[in-house]
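J.: Got a predicted model here, sequence first, then my questions.
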Amino acid sequence: MRIDIISIFPEYFAPLDVSLIGKARERGILDISLHQLRDWTHDVHRTVDDSPYGGGPGMVMKPEPWGEAIDAVTAAGAGEPRLVVPTPSGRPFTQELAMEYAAEPWLAFACGRYEGIDARVIDEYRGRMRVDEVGIGDYVLAGGEVAVLVMVEAVGRLLPGVLGNELSATDDSFAPGTMRNLLEGPVYTKPPEWRGRRVPEILLSGHHGKIARWRRDEALRRTLSNRPELAAGLDDESLDKRDREVLSERGADA
């Protein structure tokens, strides 16, 4: 997969050289290029922002450098990328969307700052390629760089060859299937006892059916406790008798 990232702070992306994503880049699974937006400015101050029309606080990123940057980056490849613009006013970034992005051959990210990018840039490129405005949560960051780091890691780990055990991704919270609306339950490893706390005996039993049931029970309990809105959205047809018993323990309407 090819990924291009345009930002006024390309140094922000040093974490992409480490861990799973760094190894994926070394192996050629991920081809990530960073681009300095200011390289497409033409004044001595390398200006990328100006005051907003209509008044108001803050500054808005100018369309000219963004247009030149996106044109140059997209001209350097075959076809057109899917352009992703991080913004708190965008659609939510979810595991489902991460999987959709993982199927794309080429993603480009435009990292806005200040009050955002002039809206004409989004309108311009929607006429040429698929453009997504995406947010990673109901809060505001100083810029899009952190959101892009989140998205690249979420997408990159889904690519074949990135995870040591590719089945790990199928067991994630929010992964497709009957468990897609459930958070992953607690996990344990050796030693069997630590500071007087023992691993649940069921996990040491070797009984795979009972272990699977325990894990689902714990996933239901955690989802109900931490994300009740997800539990409320569970498909009734996917719930069995035991599921309903677990949900009823916490007073859920199952």
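T.: Thanks, I have it.
J.: who touches the lengthiest strand in the chain?
T.: Secondary structure of the chain per DSSP state E: the longest strand is strand 82-92. Applying C-beta atoms under 8 Å, 6 or more residues apart in numbering, the external contacts of strand 82-92 come out as 70, 97, 101, 104, 106-112, 116-117, 122, 125, 129-141, 144, 147-148, 151. No exception for glycine: its C-beta is placed from N, CA and C like everyone else's.
J.: Let me see the ranges of the helices in the stretch 151-254 of the chain.
T.: With DSSP state H, counting those that start in this stretch as the criterion, the stretch 151-254 of the chain has helices at 208-226, 228-232, 241-249.
J.: Does anything pack onto the longest one? Which helices or strands?
T.: To tie it back to what came earlier, the one meant is helix 208-226. helix 228-232, helix 241-249 (3 or more C-beta pairs under 8 Å, 6 or more residues apart in numbering; DSSP states H and E).
J.: Mind putting the ones you listed into CSV with mean neighbour count?
T.: Formatted as CSV, those follow (neighbours: other C-beta atoms under 10 Å):
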stretch, mean neighbour count
helix 228-232, 14
helix 241-249, 14
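J.: hang on, the earlier thing: can you put the helices of the stretch 151-254 of the chain in TSV and add distance to Lys190 and mean pLDDT?
T.: Compiled in TSV, the helices of the stretch 151-254 of the chain are given as follows (distance: least, C-beta to C-beta, whole Å; pLDDT from 0 to 100):
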stretch	distance to Lys190	mean pLDDT
helix 208-226	16	96
helix 228-232	31	90
helix 241-249	28	93
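J.: ok so, going back, now distance to Ser7 too, for the helices and strands packed on helix 208-226, in a markdown table please.
T.: Below are the helices and strands packed on helix 208-226 laid out as a markdown table (distance: least, C-beta to C-beta, whole Å):
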| stretch | distance to Ser7 |
| --- | --- |
| helix 228-232 | 33 |
| helix 241-249 | 44 |
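J.: With respect to Val18, which of these lies nearest?
T.: helix 228-232 (31.4 Å; C-beta to C-beta).
J.: next one: the closest one to chain centre, how far?
T.: Distance of helix 228-232 from the chain centroid (C-alpha atoms, centre = their mean, to the nearest Å) equals 21 Å.
J.: Tell me the spatial nearest neighbour of Ile21, not counting adjacent residues.
T.: Residue nearest to Ile21 in three dimensions, not counting chain neighbours: Gly156, with 4.9 Å by C-beta to C-beta, 6 or more residues apart in numbering.
J.: Can you tell me which residue is spatially central in this structure?
T.: With distances taken as C-alpha atoms, centre = their mean, the residue of the chain nearest its centroid is Met151 (3.3 Å).
J.: Not including adjacent chain positions, what is the nearest residue to that residue?
T.: Phe93 (6.0 Å).
J.: now do Glu145
T.: Per C-beta to C-beta, 6+ apart, closest to Glu145 is Tyr12, 4.2 Å.
J.: what about that neighbour, distance to Gly143?
T.: The gap separating Tyr12 from Gly143 is 8 Å, by C-beta to C-beta, to the nearest Å.
J.: same thing with Arg197?
T.: 42 Å.
J.: Of the two, give the one with the bigger neighbour count.
T.: Neighbour count, other C-beta atoms under 10 Å: between Arg197 and Gly143, Gly143 has more, with 17 against 8.
J.: what's near enough to touch that one?
T.: Going by C-beta under 8 Å, 6+ apart, Gly143 touches 7, 9, 111-113.
J.: Which pair of these spans the longest distance?
T.: Phe9 and Gly112 (11.6 Å).
J.: between the two, who's got more neighbours?
T.: Between Phe9 and Gly112, counted using other C-beta under 10 Å, Gly112 has the larger neighbour count: 24 against 15.
J.: That one reaches Val146, doesn't it?
T.: No. Counting by C-beta atoms under 8 Å, Gly112 stays clear of Val146, with 12.0 Å between them.
J.: isn't Tyr125 right up against Asp132?
T.: No. Using C-beta under 8 Å as the test, Tyr125 is too far from Asp132 to be in contact (10.9 Å).
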